[in-house]
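[1] Provided below are the primary sequence and the corresponding predicted coordinates.
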There are 2 protein chains.
Amino acid sequence: MLTYIVVTLSLISPTLTWTSATLDCSTLSQDVVKEIQSYSSTARKIIDHVVSGPGKGRTYDDLAIFVDKFGHRQTGSKSLENSIDYMVQLLIEKNFSEVKTERVTVVPWARGAEVAWMTKPRKKSLNILGLGGSVGTGRRSITGRVHVVSTFEELHKTAKQASGKIVLVNAPFVTYNQTVKYRVQAAIEAAGVRALAVLLRSITPFSINSPHTGSMVYKEGLPKIPAAAVTIEDAELMARMIKRGDIVEVSLYMEAASKPETVSRNTIADIRGSERPNEIVLISGHLDSWDVGQGAMDDGGGAFISWRALETLRELGLTPRRTLRAALWTSEEQGLDGSKAYFKEHANETHVIAMESDFGTFQPLGLIFEGKSTQAKCIAREVVSLLSAINATQLVKGNPGPDLKWFVEAGVPAAGLLTQNDKYFYFHHTEGDTMSVLNRAELDLCTALWTVVSYVFADLSVRLPR
Amino acid sequence: MLTYIVVTLSLISPTLTWTSATLDCSTLSQDVVKEIQSYSSTARKIIDHVVSGPGKGRTYDDLAIFVDKFGHRQTGSKSLENSIDYMVQLLIEKNFSEVKTERVTVVPWARGAEVAWMTKPRKKSLNILGLGGSVGTGRRSITGRVHVVSTFEELHKTAKQASGKIVLVNAPFVTYNQTVKYRVQAAIEAAGVRALAVLLRSITPFSINSPHTGSMVYKEGLPKIPAAAVTIEDAELMARMIKRGDIVEVSLYMEAASKPETVSRNTIADIRGSERPNEIVLISGHLDSWDVGQGAMDDGGGAFISWRALETLRELGLTPRRTLRAALWTSEEQGLDGSKAYFKEHANETHVIAMESDFGTFQPLGLIFEGKSTQAKCIAREVVSLLSAINATQLVKGNPGPDLKWFVEAGVPAAGLLTQNDKYFYFHHTEGDTMSVLNRAELDLCTALWTVVSYVFADLSVRLPR
């Protein structure tokens, strides 16, 4: 999950649940309600098939084979392109209506070697991860005294002391969305006060000395300074030392650099609609990952439940009225490049709803829904009620997924997978994003939910209003 | 916390709580009960002093200064010896009856550079930590096919396949004490089937790709093969690959080696008893740590609550009848060398009870008690009842602390600090053992408990029976 343009993000832990108290659905036609409820036996069939039938365990197993084979899949890497080739071949064998890739222009970023030491008041290695998009230190180490702040306000107030130093932004985690601005904008703010470089306390509520990478931005007219994440532990250590009056000095070496523009691919698979093939229900996840961890949680799980939903319908002989499309985005982490290119390329098509799973595939709870139309929300709430057998009937307001940004901005109804993802940010953008954090039964439940919801949206006689 | 001689360890998560149902104290004299209860106002005074009075926050702050100044303190390191010098100076300034060090012969072990790669079926770096005591790979890499087992039984059954390979012991964590045998004995078992080296799934229930070091042993007559911990994630990855029929190959390079015998020191501070100075109540923790992390939890906290208990009594003008001694052990992790030397040196002294805190200083719950005498248990249970104000009145059976082994074997009553240490093994012997896992208020509560209990044991008219 990327948070490139942080201002567009809603809360990732959505707080508003659309219940009968917060959403008035009295104008929703009883015919529609009845029609949605008529899918309950189909929903049950899908759930049984995936959770305890022939589909049991397959999302996890197929994902493990994929993740174990390719490891991380950073934009610009051979590993990502090989993994896309593999997915295309795999999807072709599934006998969907259409499987194709679409070219996406990307600007890769590569970490290269990186190392940091606290050199004063004592020597200690720092476990860092350069932030995605950062410049390097120019074939030399940058050594500087550390100036620590907890907020950008504090940085502005202490601008004079920060000048010529390495700024450490030691902002404790509140929620991801409240705290991630420090990662995205720290290099701008620190450059604005003439800092040499910026170190960021990793954006996480929990750490075993684990650094978290992620994207960041620069601003025209300001120097591009190197930016790296340090661990909570090292940030707190340096903050304590400085508070006591110690002079803390850090030496930072980073080879990070953006690479020449190149081409990657979105991967798209369709089940062509039986009656209204030009109306599209889109379900998606992204195949690319950061260069740390294995991209199992972010976002192998989301990509795999999406194509597995199509496969499940094929196995059950269910073809919806509308076209159901699985899109496996490329270059999400590097700037939403894949979904942006798709949205431009497919501007003339009618997307009934766009869905993405990019906040983890843990115990599913329901959907995160974004859309202006009350009728659409009411329909969505009825649809998730079909998941009562797996206790995943919540419909909440919030950011449904980074790649859905373009759809949301255009007024297309959008939905994300809502799961019990309390520990998502423990592993997010770290070496800990591996198959070990995922659970076979939970992935089945996510696949079942994703299949039921997308099928019903694609098959309903009424099109989801905007 | 070391588990060098694992067979002597009881459960670290004690299961038997001595309640009125499991411990018959009907023969305990009512005079003793009354006398113990007469300490309740003193207990309250101590708790108030430490938790909300002049002592508030000082254990954490003093420990943070210490840990931040020296970092990890491995046996044989300058850092450990410097930290001992610092402690001696600090304790001398506290004006205790006596402060001294005692020489301990130690055999240090040093990790040196170490690196491991999975080289087949694809190249992936493995995040390893050589196990303490392991030999190195002899200035070259050892490359071999990986043979995976979940138990030693499985290893014995597949001895033929294991021969000439690198054995991966992928035993899931059950409890520490049930699982740690794999770390301690894996090199013996793997050498017994002619393996080249052994990789151990880290002994932990939770991981962010975090390797855990710890001690291990070799056996006379068997080759000494290199032994390193891998992360849960990498162990599971390789196990999945092998299960699918992939050939997994690993290349391992370790410079680990034992170093020449040298001398370290235990640090000892006494408050001399006012009436029975030759009877000693011992409270302790160890100053040494592994070379990863900062030794804050294991065992800076235990060492610091021990001398802080003495300081608290001094501040309150409380001098017990018996001598209260704080011992800050050296070289616990390397083989309990400090406590062993102390026990030998002080064989002629009378230890009424020996206490250690080495399982973390989190929210305190009471005491882990080990002793043959029912009367002693009954007295201890009465003593912990003085801690009802801080909800730390449990008395449970279990291993009270690694360094108490010698005392327990000699029949000396022994006690350990029982805390809510669910996450202890998340951080144990990793880079995550830092001040960030400790909590100021919890350390105060631990200090208060440690002070109350040790003071009452040292001051009671009746000596704890054996």
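    Received it, and whenever you're ready, just let me know what you need.
[2] Can you report phi and psi for the nearest residue to residue A:215 once chain neighbours are set aside?
    For residue A:215, ignoring the flanking residues on the chain, the nearest one in space by CB to CB, 6 or more residues apart in numbering or on different chains is residue A:132 at 4.5 Å. Every residue, glycine included, has its C-beta placed from N, CA and C. When read as degrees, to the nearest 10, the backbone of residue A:132 gives phi -60, psi 120.
[3] Was I right to think residue A:132 contacts residue A:214?
    Yes. Residue A:132 is within contact range of residue A:214, at 6.2 Å (criterion: CB atoms under 8 Å).
[4] what residues do these two have in common as contacts?
    Shared contacts of residue A:132 and residue A:214, defined by CB atoms under 8 Å, 6 or more residues apart in numbering or on different chains, are found at residue A:290.
[5] ok, back up a step: OK, contacts around the residue nearest to residue A:215?
    Contacts of residue A:132 (CB under 8 Å, 6+ apart): A:109, A:213, A:214, A:215, A:216, A:290, A:333, A:334.
[6] how close does the fourth one sit to chain B?
    If you measure residue A:215 against chain B using CB to the nearest CB, to the nearest Å, the figure is 20 Å.
[7] And the last one, by the same measure?
    With distances taken as CB to the nearest CB, residue A:334 is found 22 Å from chain B.
[8] measure that residue to residue A:84 for me?
    15 Å (CB to CB, to the nearest Å).
[9] ranges for the helices of the stretch 151-300 of chain A?
    A:152-157, A:159-162, A:176-179, A:181-192, A:232-243 (DSSP state H, counting those that start in this stretch).
[10] Just give me the neighbour total for residue A:450.
    Around residue A:450 there are 31 other residues, counting by other CB atoms under 10 Å in any protein chain shown.
[11] try residue A:462
    12.
[12] Which residues are in contact with it?
    A:32, A:35, A:379.
[13] Contact residues of the stretch 1-150 of chain A facing chain B?
    Within the stretch 1-150 of chain A, the residues that sit near chain B (CB under 8 Å from any CB of the partner chain) are A:64, A:65, A:68, A:69, A:70, A:71, A:121, A:122, A:124, A:127.
[14] Which ChimeraX command selects the buried ones in those residues?
    The buried subset of the residues of the stretch 1-150 of chain A next to chain B, as determined by 16 or more other CB atoms under 10 Å in any protein chain shown, is captured in ChimeraX by this line:
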select /A:64,65,68,69,70,71,121,124,127
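[15] Can you pull the residues of the stretch 201-350 of chain A lying near chain B?
    Within the stretch 201-350 of chain A, the positions adjacent to chain B are A:207-210, A:232-233, A:236-237, A:240-241, A:244, A:293-294 by CB under 8 Å from any CB.
[16] hmm, try it at 6 Å
    Residues of the stretch 201-350 of chain A lying close to chain B (CB under 6 Å from any CB of the partner chain) are A:208, A:209, A:210, A:232, A:233, A:236, A:240, A:241.
[17] Where does pLDDT dip in the stretch 1-150 of chain A?
    A:2-15 (pLDDT under 70).
[18] Number of residues surrounding residue A:193?
    So residue A:193, with other CB under 10 Å, has 20 neighbours.
[19] That one touches residue A:160, doesn't it?
    No. Residue A:193 lies out of contact with residue A:160 (CB atoms under 6 Å); the separation is 8.1 Å.
[20] what's next to the lengthiest helix in chain A, contact-wise?
    If you go by DSSP state H, chain A has its longest helix at helix A:440-459. Contact partners of helix A:440-459, identified using CB atoms under 6 Å, 6 or more residues apart in numbering or on different chains, comprise A:39, A:43, A:46-47, A:50-51, A:57, A:59-60, A:281, A:283, A:305, A:308-309, A:312-313, A:320-322, A:324, A:353, A:361-364, A:383, A:386-387, A:390, A:392.
[21] Flag every buried residue along that helix.
    A:442-459.
[22] Could you do stretch A:244-254 as well?
    Neighbour counts over stretch A:244-254 (16+ other CB under 10 Å) mark A:246, A:248, A:249, A:250, A:251, A:252, A:253, A:254 as buried.
[23] So, low pLDDT: which residues of the stretch 151-300 of chain A?
    For the stretch 151-300 of chain A, no stretch has pLDDT under 70.
[24] Can you list the residue ranges for strands in it?
    Along the stretch 151-300 of chain A, counting by DSSP state E, counting those that start in this stretch, strands occupy A:166-169, A:197-201, A:227-230, A:249-254, A:257-258, A:262-271, A:276-286.
[25] in its sheet, what does the second one sit against?
    Strand A:197-201 sits in its sheet next to strand A:166-169 (parallel), strand A:227-230 (parallel), going by DSSP bridges.
[26] and residue B:410, which of the helices of the stretch 151-300 of chain A is closest to it?
    Closest to residue B:410 of the helices of the stretch 151-300 of chain A, according to CB to CB: helix A:232-243, at 39.6 Å.
[27] For the closest one, enumerate the helices and strands it packs against.
    strand A:142-149, helix B:58-70 (3 or more CB pairs under 6 Å, 6 or more residues apart in numbering or on different chains; DSSP states H and E).
[28] Closest one to chain B out of the buried residues of stretch A:244-254, please.
    Of all the buried residues of stretch A:244-254, chain B sits closest to residue A:246, with 8.3 Å by CB to the nearest CB.
[29] Against residue A:250, how distant is the closest residue in space to that closest one that isn't next to it in sequence?
    Spatial nearest neighbour of residue A:246, chain neighbours left out: residue A:121 (4.7 Å); criterion: CB to CB, 6+ apart. Using CB to CB, residue A:121 is found at 11 Å from residue A:250.
[30] circling back to that earlier point, can I get the strands paired with strand A:197-201 in TSV including mean neighbour count?
    TSV is the format used below for these (neighbours: other CB atoms under 10 Å in any protein chain shown):
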stretch	mean neighbour count
strand A:166-169	28
strand A:227-230	28
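[31] Need the ones you listed in a markdown table (columns: distance to residue B:154).
    Output for the strands paired with strand A:197-201, formatted as a markdown table (distance: least, CB to CB, whole Å):
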| stretch | distance to residue B:154 |
| --- | --- |
| strand A:166-169 | 48 |
| strand A:227-230 | 40 |
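[32] How about the residues of the stretch 351-466 of chain A by chain B?
    Listed as neighbours of chain B in the stretch 351-466 of chain A under the rule CB under 6 Å from any CB: A:430, A:431, A:432, A:434, A:436.
[33] ChimeraX command to pick out the buried ones of those residues?
    Of these, the buried ones go into a single ChimeraX selection, burial set by 16+ other CB under 10 Å:
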select /A:430,431,432,434,436
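[34] residues near the closest residue to residue A:96 other than its chain neighbours, how many?
    Spatial nearest neighbour of residue A:96, chain neighbours left out: residue A:269 (4.7 Å); criterion: CB to CB, 6+ apart. Residues contacting residue A:269 under the criterion other CB under 10 Å number 24.
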